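> My questions concern the predicted model and sequence given below.
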Amino acid sequence: MNYKFNFLEKTHKINLEKADDLFKVIINDKQKYNISDVEVESNLISFKADDKLYNIYCFSDKDKMYLSIDGENYVLELEKDKTTKSKTKQQKGNSVFSPMPGLLVKIPVSVGDKVKSGTTLAIVEAMKMQNELPSPRDGIVKKIIGKEGEQVDALQVIVELE
Amino acid sequence: MFKKILIANRGEIAIRISKACKELGISTVGVYSTIDKPSLHLRYMDDIVWIGDSPPLSSYLNIQAILEAAKKTKAEAIHPGYGFLAENEKFAKACEDAGIIFIGPDSKALSLVGDKVASRNTVKKLGVPIIPGMAMITKDLKKFKHAAKDVGYPVIIKASMGGGGKGMRVVYNENELEKSIAAGQREALSAFGDESVYLEKYIEQPRHIEFQVLRDNFGNCIHLFERECSIQRRHQKIIEETPSPALDNNMRMKMGEEAKKVIEASDYTTAGTVEFLLDKNKKFYFLEVNARIQVEHPITEMVTGVDLVRQQILIAAGEKITLKQDQIKQNGHAIETRIYAEDPDNNFVPSPGKILFLSEPNGPGIRVDSGIYQGCDIPPHYDPILSKLIVWSENRNMSIIRISEALKEYIILGIKNNIGYLKRIINSKDFAKGNYDTHFIDEHEEKLFPKQEKLDIALIAGALSKQAGYTKSESDFQKASTMKSTPWQELGKWEICSLS
């Protein structure tokens, strides 16, 4: 069986073949592992990879899989339709959005303002930290969607550029 | 002794305080904002009262609502925890006026030590060294410019009423000054309800070392040694340890005595912390007094065996400190790591959201002061602290190994957190050597990025899970949580009407 996961915007291919009590795994057509002693529960996966034992806590959400290995977290995304992904990316280039839910403290620009890459377009406060949202490029402010003093959600667009 | 105490805070510290109360036979009242109704701290209280909407100014900073809650529940005292109203003299005064005991110093002492500028002036008179800087509060940009030129750039802007790095900005030249003052004022207003900021010389390569002091109403005063808090991000501590690897016994005793002098001169009671900066030549400067229980208080409890929250309550109830200075010893070594909902790989951006899976470490010498549970939502309105992992062992090396292993066992899935990042700091060579200052994180930025060494293992686990059918389009947990609805949700939209 072949599986695909995205990790940090890169797609990884995992080939998993059952052979008697073992699994033979090939990652990205290169790296090979022999997997044995597999135990899979909803939140815990145990196995030996080339005789080294791993116990991994995990959680599967709708399109993501969260894992913790030796104190480090990994988030694997199940492969999605590519067209929707490129569309959201394009929107990001023209707009400034809040990376997290928070309070929209200030919008120091107005519609029609010429802005440079790096100019602060909005200040969002979350968890008592103020975060300045910089313009991704040089441009002109086309639309301001948020209002000062309003609560914003993660990925909510606040300012759009022309 | 008190019969009932209201705890005017949330999260792990509210739970910590409630436990100390219960051990003294005191019942507890918890308070909550609208979004905090499902929060863990309320599960540890004997009674709970809603105090307002989710933004801090409407709830945990709402003096009137908190006092009303105390009156309504007949609480005799209020413990403010840390942050929020902990060092707010108006709140302490309002408690005094309402005949409720504020567990902390009285409003007079609080006003003195809380005002960083006034306390600098008091301390200077005692002969304790201070960092050169402004001697008054002003909003006049010219005076800021003048002071900055006097002491020389770089300078640091600080909230006069603040602590914990809120409102702080380092300024390297005059062009940045105005913007940094404005940003500092905004943050100070939102965090402390007061926008006053001041300026002082920025000490380069400093270590942040603080001393814990207890003082009762009868003038008995002891210190409980130091905490080294130099590992900071955005001027906020994330790892603390005691004893400090930078102090020898002579300096330790000297700084402890200076700390007591500062507390005595302010006629300060209950628990307080005197913060010092230590420069690269091991010269120390008084920084400020933190008039509250500190986030990092557990490491002092681990090495001295003294329960600081219990001591705070006993002193506030009018009891004498029975411990003598020569009975206080540092036994072994303790380290604390603060677990935050934030993304260390992306400029520490806060990461509120739902904790999908949680497993906390345990075992010999391990203490977890936690404010979270599996399935809880971390709201965006408050400090991103989730919990604290504290370890104790016989010596520094063993403590480092113990906390490194415990961090591996600490599993929080669903939101970004700093567990892996903390582990990378703890395991770094410079930390092992005790060779660090408050710039450690900036200087080690590259080295502290995750190496993704176990990505292959993660991918194998993902494939095995999928193969076993556990990675469904919608997990059981999701189904369960979407199916569960309250009667209010089933009722749909509704409003209260008055017929007149």
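Received the coordinates, thanks.
> Let's see stretch B:43-63 as PDB, backbone CA atoms only.
C-alpha atoms of stretch B:43-63 as PDB (Å, rounded to 0.1, in the frame of the first residue of the first chain):
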ATOM      1  CA  ARG B  43     -13.000  22.000  39.300                       C
ATOM      2  CA  TYR B  44     -10.800  22.600  42.300                       C
ATOM      3  CA  MET B  45     -13.000  25.100  44.100                       C
ATOM      4  CA  ASP B  46     -15.700  24.800  46.800                       C
ATOM      5  CA  ASP B  47     -17.700  27.600  45.200                       C
ATOM      6  CA  ILE B  48     -17.500  29.500  41.900                       C
ATOM      7  CA  VAL B  49     -18.700  33.000  40.800                       C
ATOM      8  CA  TRP B  50     -19.000  34.500  37.300                       C
ATOM      9  CA  ILE B  51     -17.300  37.900  37.200                       C
ATOM     10  CA  GLY B  52     -17.700  39.100  33.600                       C
ATOM     11  CA  ASP B  53     -17.100  38.700  29.900                       C
ATOM     12  CA  SER B  54     -14.000  37.100  28.500                       C
ATOM     13  CA  PRO B  55     -11.700  40.100  28.000                       C
ATOM     14  CA  PRO B  56      -9.500  40.500  31.100                       C
ATOM     15  CA  LEU B  57     -10.700  44.100  31.700                       C
ATOM     16  CA  SER B  58     -14.300  42.900  32.000                       C
ATOM     17  CA  SER B  59     -13.400  40.000  34.300                       C
ATOM     18  CA  TYR B  60     -10.100  39.200  36.000                       C
ATOM     19  CA  LEU B  61      -9.100  42.900  36.100                       C
ATOM     20  CA  ASN B  62     -12.600  43.900  37.100                       C
ATOM     21  CA  ILE B  63     -12.100  45.100  40.700                       C
END
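> May I see the buried residues of it?
Using 16 or more other Cβ atoms under 10 Å in any protein chain shown as the test for burial, stretch B:43-63 gives B:44-45, B:47-49, B:51-52, B:54-56, B:59-63. From N, CA and C alone the C-beta is placed, and that goes for glycine too.
> any chance you could map the strands in the stretch 1-150 of chain B?
Secondary structure of the stretch 1-150 of chain B (DSSP state E, counting those that start in this stretch): strands located at B:4-7, B:27-33, B:47-52, B:77-79, B:101-102.
> will you turn those into TSV that also has distance to residue B:202 and mean pLDDT?
Converted to TSV, the strands of the stretch 1-150 of chain B look like this (distance: least, Cβ to Cβ, whole Å; pLDDT from 0 to 100):
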stretch	distance to residue B:202	mean pLDDT
strand B:4-7	37	98
strand B:27-33	36	98
strand B:47-52	38	98
strand B:77-79	35	98
strand B:101-102	34	98
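> okay, those in CSV with distance to residue B:369 next?
Listed next are those as CSV, based on distance: least, Cβ to Cβ, whole Å:
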stretch, distance to residue B:369
strand B:4-7, 14
strand B:27-33, 16
strand B:47-52, 20
strand B:77-79, 15
strand B:101-102, 23
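> Nearest approach to residue A:78 belongs to which of these?
strand B:27-33 (36.1 Å; Cβ to Cβ).
> got the CA positions of the closest one in CSV?
Below are the C-alpha coordinates for strand B:27-33, written out as CSV (Å, rounded to 0.1, in the frame of the first residue of the first chain):
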residue,chain,number,x,y,z
SER,B,27,-12.6,26.6,51.7
THR,B,28,-12.1,28.3,48.3
VAL,B,29,-14.1,30.5,45.9
GLY,B,30,-13.1,30.5,42.3
VAL,B,31,-14.0,33.1,39.8
TYR,B,32,-14.4,32.9,36.0
SER,B,33,-15.0,34.9,32.8
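> which residues touch that strand?
B:3-8, B:10, B:14, B:17-18, B:21-22, B:39, B:41-42, B:44-56, B:58-60, B:66, B:69-70, B:73, B:75, B:381 (Cβ atoms under 8 Å, 6 or more residues apart in numbering or on different chains).
> Where does the prediction get shaky in the stretch 351-500 of chain B?
Scanning the stretch 351-500 of chain B for pLDDT under 70 picks out B:470-500.
> sorry, that was for chain A
Across chain A, residues meeting the criterion (pLDDT under 70) sit at A:80-93.
> mind running it again at 50?
By pLDDT under 50, the low-scoring segments of chain A are A:83-91.
> in it, what residue sits furthest out from the centroid?
Most distant residue from the mean C-alpha position of chain A: residue A:20, 36.8 Å away (Cα atoms, centre = their mean).
> Relative to residue A:50, how far out is it?
Applying Cβ to Cβ, to the nearest Å, the value for residue A:20 to residue A:50 is 16 Å.
> that older thread, which one of the buried residues of stretch B:43-63 sits closest to residue B:461?
The closest of the buried residues of stretch B:43-63 to residue B:461 turns out to be residue B:44 (Cβ to Cβ; 35.4 Å).
> Can you tell me how far that closest one is from residue B:30?
7 Å.
> where do the contact lists of these two overlap?
B:14, B:18.
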